[in-house]
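Enquirer: The sequence and its predicted three-dimensional model are supplied below.
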Amino acid sequence: MSVLAGRHALVTGAGRGIGAAIASRLVADGATVTLLGRTRATLEQVAATLGASADIAVCDVTDADAVSTTIGALPRVDILVNNAGQAASAPLVRTSDALWAQMLAVNLTAPFVCTRAVLPGMLAAGWGRIVTVASTAALRGYPYVSAYAAAKHGVLGLTRALALEVAAKGVTVNAVCPGFTDTDMLHDSIANIVARTGRTEDEARATLAALNPQGRFITPQDVAGVVAMLCDPAAAALTGLALPVSGGEVM
């Protein structure tokens, strides 16, 4: 399939996990992709698997000036996937100002800054796709992740507001909301559960997998498939959505 032939996509947090899977899927659908992240080595590893259709850009999405400079040096971005994210857990009373600020910086402010940088080009072209990888935490609460959940709820508000702002201008704005996904972030969550509760790793994995009615973890490829659907030119009427990718955990 080449439904995205001639389109240039920018994927943040593309060096591993969901971001790498999204980049791979968009290349398979015909797009050229810029992989953006903080670590050159991991980006180069992913780019090597994608061939000439992929390039890299090294940038910390929490540095607004660096984002502006980096994106300004790229060809016009037709598709933006705000995938970079970070999760940290703590009871609210032990959530420091620094942890709160970091969760908002990575999960809410960074998508805003990246979106602001690419949007003028999309509006000028009369076509664009903006997809933010949020979380089921944007749609419901989970204990011990108040800062993370607040940021993900915020990015959903950003998505809905911008979708209305540009609805008649050829640009769609959506969010995908994965449940527990088999990535390094999940492995860190499992390690935290083991350390905090004394459960075994298998017990911790089973507890989290049981939240999904399908009895499994979501895969990065599950998420990439939904992102690709939203980027398809045929998805022009889909905007302002928050699509759960959670096996029925959130409906």
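Expert: Sure, I can see it. Numbers count the residues shown, from 1 in each chain.
Enquirer: burial of Ala195, as a residue count?
Expert: Look at Ala195: counted by other Cβ atoms under 10 Å, it has 10 neighbours. From N, CA and C alone the C-beta is placed, and that goes for glycine too.
Enquirer: meant to ask about Ala88, not that
Expert: Neighbours of Ala88 using other Cβ under 10 Å come to 18.
Enquirer: can you check the one 10 residues further on too?
Expert: Neighbour count for Ala98, taken as other Cβ under 10 Å: 8.
Enquirer: For it, which three-state class applies?
Expert: Put simply, Ala98 is helix when judged by DSSP: H, G, I helix; E, B strand; the rest coil.
Enquirer: Specify the local secondary structure of Val61.
Expert: Applying three-state DSSP: Val61 is coil.
Enquirer: Could you measure from the closest residue to it other than its chain neighbours over to Thr32?
Expert: Ranked by Cβ to Cβ, 6 or more residues apart in numbering and with sequence neighbours excluded, the top spatial neighbour of Val61 is Ala110, at 3.8 Å. Taking Cβ to Cβ, to the nearest Å as the measure, Ala110 falls 23 Å from Thr32.
Enquirer: Looking only at neighbour counts, state which of these two leads.
Expert: Ala110 (26 against 19).
Enquirer: Which residue lies nearest the spatial centre of the protein?
Expert: Per Cα atoms, centre = their mean, the C-alpha nearest to the average position across the chain is that of Asn83, at 2.3 Å.
Enquirer: can you give me phi and psi for that one?
Expert: Backbone torsions of Asn83, given as degrees, to the nearest 10, read phi -110, psi -30.
Enquirer: Surely the residue nearest to Val61 is in a helix?
Expert: Yes. Secondary structure of Ala110 (three-state DSSP): part of a helix.
Enquirer: Hmm, Ala66 and it touching each other?
Expert: No. Distance between Ala110 and Ala66: 11.0 Å, which falls outside the contact criterion (Cβ atoms under 8 Å).
Enquirer: Strands of the stretch 151-251 of the chain, start to end?
Expert: 171-178, 242-245 (DSSP state E, counting those that start in this stretch).
Enquirer: Within its sheet, name the partner strands of the longest one and how each one runs.
Expert: Okay, so that is strand 171-178. Note on strand 171-178: by DSSP bridges, its sheet partners are strand 128-133 (parallel), strand 242-245 (parallel).
Enquirer: and the ones you listed as CSV, adding mean pLDDT and distance to Gly51?
Expert: Below are the strands paired with strand 171-178 laid out as CSV (pLDDT from 0 to 100; distance: least, Cβ to Cβ, whole Å):
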stretch, mean pLDDT, distance to Gly51
strand 128-133, 98, 22
strand 242-245, 98, 27
